[in-house]
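Visitor: need coordinates for the below:
(4 chains)
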There are 4 protein chains.
Amino acid sequence: MCRLLAYLGSPISLERLLYTPEHSLIVQSYQPQEMISGVVNADGFGIGWYHAQKDTEPFIYKHILPIWNDQNLPYLSRYVESGRILGYVRSATTGQALDFSNSQPFQYQRLLFTHNGRIENFRQTLYRPIRNQLSNEIYQSIKGSTDSEHIFALLLNQWQSHPAKSVEQALHITLFHLLELAAEYESDVSANIILSDGDRLIACRFSSKSPAPSLYWLENDSNFPDSVIIASEPIFNGNWTTCPENSIISVGEDRVIQVEHI
Amino acid sequence: MCRLLAYLGSPISLERLLYTPEHSLIVQSYQPQEMISGVVNADGFGIGWYHAQKDTEPFIYKHILPIWNDQNLPYLSRYVESGRILGYVRSATTGQALDFSNSQPFQYQRLLFTHNGRIENFRQTLYRPIRNQLSNEIYQSIKGSTDSEHIFALLLNQWQSHPAKSVEQALHITLFHLLELAAEYESDVSANIILSDGDRLIACRFSSKSPAPSLYWLENDSNFPDSVIIASEPIFNGNWTTCPENSIISVGEDRVIQVEHI
Amino acid sequence: MCRLLAYLGSPISLERLLYTPEHSLIVQSYQPQEMISGVVNADGFGIGWYHAQKDTEPFIYKHILPIWNDQNLPYLSRYVESGRILGYVRSATTGQALDFSNSQPFQYQRLLFTHNGRIENFRQTLYRPIRNQLSNEIYQSIKGSTDSEHIFALLLNQWQSHPAKSVEQALHITLFHLLELAAEYESDVSANIILSDGDRLIACRFSSKSPAPSLYWLENDSNFPDSVIIASEPIFNGNWTTCPENSIISVGEDRVIQVEHI
Amino acid sequence: MCRLLAYLGSPISLERLLYTPEHSLIVQSYQPQEMISGVVNADGFGIGWYHAQKDTEPFIYKHILPIWNDQNLPYLSRYVESGRILGYVRSATTGQALDFSNSQPFQYQRLLFTHNGRIENFRQTLYRPIRNQLSNEIYQSIKGSTDSEHIFALLLNQWQSHPAKSVEQALHITLFHLLELAAEYESDVSANIILSDGDRLIACRFSSKSPAPSLYWLENDSNFPDSVIIASEPIFNGNWTTCPENSIISVGEDRVIQVEHI
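Guide: Numbers count the residues shown, from 1 in each chain, chains lettered A, B, ... in the order given. Next up, the predicted model:
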């Protein structure tokens, strides 16, 4: 399990999103309240963001330390301003290495990707079958060893094979495909995902076995007007909506949440 | 707050002490049960031990990562065998740097020292007064910036000024001295300490304001026969004795706990 | 020994300053050409910068890894744009801890400070005398254990005691004072310093024993028009001026280098 | 390029092997003399050793910091005594992540493995073809992303498929196989390898294009009587033998070097 956070709205400083809320991602790292497994999210963290003015590839800052211990983040949080932000604190599956390459978000060109969940018994089940299906380009782009990065690879592979499809459609097909693979190789999959292409946020709450990990969204709160926040746990009290299990949500410039059942 | 552990007995592998018990120091790092402040002990750790056969200075292994994330420790725990072991998981006071130099145990010649507690508002109160009292040798030996290391420095200074005194006596006087300083500079002190010279374990449970942090000992348990274990929290169910508040305990070759009220 | 770099001019991306030049700070970290002692600068690094538009305290990014190994820096270098930048790669004095707190730049309010050089036998000579002269506020602000940070503390102390003086004047007096202390305690001092208050760059090339470490400046190069660069080693071929030994240089909005002999 | 070191003989402390020699592995990390590419070996390090008395799996201590910066290693070097030791300092191929999982030695059951060299353009050439040939067990055991670990995997795969073969034979076949793969996928391979099963040291100096990286051995030097040392560069002046290019050497209990041309 890990904790995810995403913001789409007018540009704000990272500081406001990461440090100010009373149940911020930083608090969720040492005192989460809705974890299905694991007790803390202290196995590294990462922040991804898009430039507020320039149309470029996104930016990433990651570390293997607990987020509360990083002494650079307060400076960066005061400096960075963005309208498209993804945040992540990690709770590594037992036995997974604390490698930098295993920290999220993962990036591929303009896409940023974060994942909370797991493929049960990943190494012995879907690890090789997933890799075998990848194009050489996607195969070679994998840097770490987590189930999360392989789910992202599968999504990229799907998306690149069908360039006419939207990211939502590619995600939809990828989740179905994961279900099939999990059935074939006797595994289980839970996949709460938040990703962005810089314009939209796309997220899903998904599990082959109920319950799926928690996921919420908040629209146009007075603290963050004209914005949408998606999070594993509400970061402050407000009018949060529970994301239905097994659904994909997406939101763009118009700040209107689209919900699609899988 | 941090969690402390010490072992005196016939040589055992670190693995048995650190990994086997159900509420081991590793579990206490992410799920402690008796913390007065703080929620996890994930700001680094350290192990100190004495050679089982050779009469040399002790050995230390420290890291700034959470203890459960270190991939060397399982190897070392399988390799190291010792009859005098100190263990420590850190919960850093807010604002204290996660520097390697701030990890415990601290060593001075044959002494190993660990501390759980704090000097309230240390930087603004006792930091400079403590340093001003130190001999040049002890002053120059300080490597980090924690209250813990400065308590150790004060103890070393006391001990070196009165070489005829035992470590227990030096500790006793040091605690009194800390009380005086705390009163003079309007601070509070809590100091659960475990230290060793390679022959004996000496520990104290001490606070200028009740309650002191928790401390227990266990003698000759069937799992660890002919030994004494001292710990912030029992590492498994057994016949643990609660260390009285404001007392110094010590134990040596005869495995008999001496208790002295401060 | 370490390597220093500073830029004052119109805002540029860190990337252009750090990655593009053929003998960049990154190359100087593994293949420096003018080191007096040490062979590489692989003991951490740091970048400090001021906001290009906002009048706020500066920003810092530091790490204990070799600069070439940090996987966040390429992202940050692409994101950060500034007209006042300080860069630093460290070659730690033997025995100095690789603590995060010992990485430079050091910051105090609006000041950023970097130092290349050393106080010979620092711990045994000027460590305690310098600290004894500091105001409580400056004393308590010291986080690490390097000679560099203590030189900065001495400068801050001088500056705060004489608020009417400029930073240049405070630096001038501090260097004299260091000379006196070095004579009294039989040490030697070399201090190439670059610091900034966000408006000006102030630097010195200074040593109690010749030769001082190398220092150069470059004005209005065609690659970086309307700017001044100060560096331990030229970062590319150009019309670099060697900073005279035992002098203070400073430059502000007008891009005119002022040279003052000490 | 990296630097390798191995010792077989009567048990000695790591300290004697790692710290005492004038051109020790530690010196070779910042000032190597025979590197074909790269200038320093500061991208992490690792030590592997076998227990001097017990018949168990070997022990590993690795880190991503430069070897000279690790403050635990002096303690461990004073503690560990062994008659079978492998040492390694890393110079990462540009673009390879500084992940802990990418540090050597690699271990598989009783085998320890270190590699100096590279598969040219690994990701785009042999990465996938090598993986495709592996048994599921070996495939799933890969933790990092280096060419080195994949060469080890290929060797393990060969060895497990032909249990009657010796490690030397498996290595021999693996190198041939690498040559074939390199020809097929238009790559080049250089592979100086040292490995051990706890009884013997087996090493090779191998390259598909001359020159191969340097490799030497030393037998029964007066400083290390009754021992064999194999190293990328002599660690002190002595009667070192240059390992012939494209040959496999091995040595066991009798301290007699066997040389086999490939």
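Visitor: quick one: end-to-end length of stretch A:138-151, please.
Guide: Criterion CA to CA, to the nearest Å; first-to-last residue distance in stretch A:138-151 is 12 Å.
Visitor: part of a strand, is residue A:8?
Guide: Yes: secondary structure assignment (DSSP: H, G, I helix; E, B strand; the rest coil) places residue A:8 inside a strand.
Visitor: okay, now residue A:207: neighbour count?
Guide: Per other CB atoms under 10 Å in any protein chain shown, the neighbour tally for residue A:207 reads 20. C-beta here means a position set from N, CA and C on the backbone, and glycine is covered the same way.
Visitor: just list the residues touching residue A:182, thanks.
Guide: With contacts defined as CB atoms under 8 Å, 6 or more residues apart in numbering or on different chains, the neighbours of residue A:182 are A:119, A:120, A:125, A:126, A:188, A:189, A:208.
Visitor: nearest to residue C:252 among those?
Guide: Within these, distances to residue C:252 taken as CB to CB reach their minimum at residue A:119, with 58.4 Å.
Visitor: the closest one contacts residue A:126, doesn't it?
Guide: Yes: counting by CB atoms under 8 Å, residue A:119 sits close enough to residue A:126 to count as a contact (5.2 Å).
Visitor: shared neighbours of these two, anything?
Guide: Here residue A:119 and residue A:126 share the contacting residues A:147, A:150, A:178, A:182, A:187, A:189, scored by CB under 8 Å, 6+ apart.
Visitor: surely the last one and residue A:178 touch.
Guide: Same thing as residue A:189. Yes: taking CB under 8 Å as the definition, residue A:189 is a contact partner of residue A:178 at 4.9 Å.
Visitor: what is in contact with these two at once?
Guide: Taking CB under 8 Å, 6+ apart as the contact definition, residue A:189 and residue A:178 share the neighbouring residues A:119, A:126, A:208.
Visitor: got JSON lines for the residues you listed, with distance to residue D:37 too?
Guide: JSON lines is the format used below for those (distance: CB to CB, whole Å):
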{"residue": "A:119", "distance to residue D:37": "39"}
{"residue": "A:126", "distance to residue D:37": "38"}
{"residue": "A:208", "distance to residue D:37": "48"}
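Visitor: which one of the residues you listed sits closest to residue C:11?
Guide: Proximity of these to residue C:11, judged by CB to CB, is greatest for residue A:119, which lies at 45.5 Å.
Visitor: what about that closest one, how many residues close to it?
Guide: Neighbours of residue A:119 (other CB under 10 Å): 26.
Visitor: where does the closest residue in space to residue A:156 that isn't next to it in sequence sit: helix, strand or coil?
Guide: Leaving out its chain neighbours, the residue that sits closest to residue A:156 by CB to CB, 6 or more residues apart in numbering or on different chains is residue A:138, at 5.1 Å. Taking three-state DSSP as the rule, one finds residue A:138 in the helix state.
Visitor: hmm, residue A:153 and residue A:138 touching each other?
Guide: Yes: the pair formed by residue A:138 and residue A:153 meets the contact definition of CB under 8 Å, at 5.2 Å.
Visitor: could you tell me which residues of chain A lie near chain B?
Guide: Taking CB under 8 Å from any CB of the partner chain as the test, the list of chain A residues beside chain B reads A:30-31, A:39-40, A:42-43, A:64-66, A:69, A:71, A:92, A:97-98.
Visitor: neighbour-wise, give me the winner out of those residues.
Guide: Taking other CB under 10 Å as the neighbour criterion, residue A:42 ranks highest of the residues of chain A next to chain B with 27 neighbours.
Visitor: doesn't it belong to a helix?
Guide: No: secondary structure of residue A:42 (three-state DSSP): coil, not part of a helix.
Visitor: ok, now which ones touch it?
Guide: Contacts for residue A:42 (CB under 8 Å, 6+ apart) come out as A:29, A:30, A:66, A:67, A:89, A:90, A:91, B:30, B:40, B:42, B:66.
Visitor: which one of the residues you listed is nearest to residue C:10?
Guide: Nearest to residue C:10 among the contacts of residue A:42 is residue A:67, at 34.9 Å by CB to CB.
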